[in-house]
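Chemist: coordinates for the following, if possible.
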Amino acid sequence: FVLNRQLGERRAQEVRTLVLLQGVGEDQVDIISYGEEKPAMPGTGEASWELNRRVELVF
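Modeler: Numbering: from 1, shown residues only. The predicted structure is shown next:
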C-alpha cells in the first residue's frame, strides 16, 4: 500500500514538473496521490493495474 502511494506521488510530481515547465504558475497546480484508494478499475490482474497507473488532470 505504501509503495503504491509513493509510486503515485512520484508520477504526480513528474507531471507537475512538466506542467510548470509549460508556464503554469506553481500556485495553480496541486497534486494528490491516492494510491490504491481510488482505482479507475477495481480488481487484480494486469488489465486493472495498467488502467490504474495514471495521472488525472483536473482544470
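Chemist: longest single helix anywhere in the protein?
Modeler: Identified as the longest helix of the chain according to DSSP state H is helix 2-21.
Chemist: starting at the chain centroid, how far to it?
Modeler: Its chain's C-alpha centre and that of helix 2-21 lie 6 Å apart, by C-alpha atoms, centre = their mean, to the nearest Å.
Chemist: can you pull the contacts of residue 1?
Modeler: Listed by C-beta atoms under 8 Å, 6 or more residues apart in numbering, the contact set of residue 1 reads 35-36. Just so you know, the C-beta spots here come from the backbone N, C-alpha and C atoms, and that holds for glycine as well.
Chemist: try residue 16
Modeler: By C-beta under 8 Å, 6+ apart, the contact set of residue 16 is 29, 31.
Chemist: what's the separation between it and residue 47?
Modeler: 28 Å (C-beta to C-beta, to the nearest Å).
Chemist: now the residue of the chain positioned farthest from its centre: how far from residue 30?
Modeler: Distance from the C-alpha centroid of the chain, by C-alpha atoms, centre = their mean, peaks at residue 23 (20.1 Å). Per C-beta to C-beta, residue 23 is found 17 Å from residue 30.
Chemist: please, which helix or strand holds the nearest residue to residue 4 once chain neighbours are set aside?
Modeler: Spatial nearest neighbour of residue 4, chain neighbours left out: residue 35 (4.3 Å); criterion: C-beta to C-beta, 6 or more residues apart in numbering. For residue 35, there is no helix or strand it lies in under DSSP states H and E.
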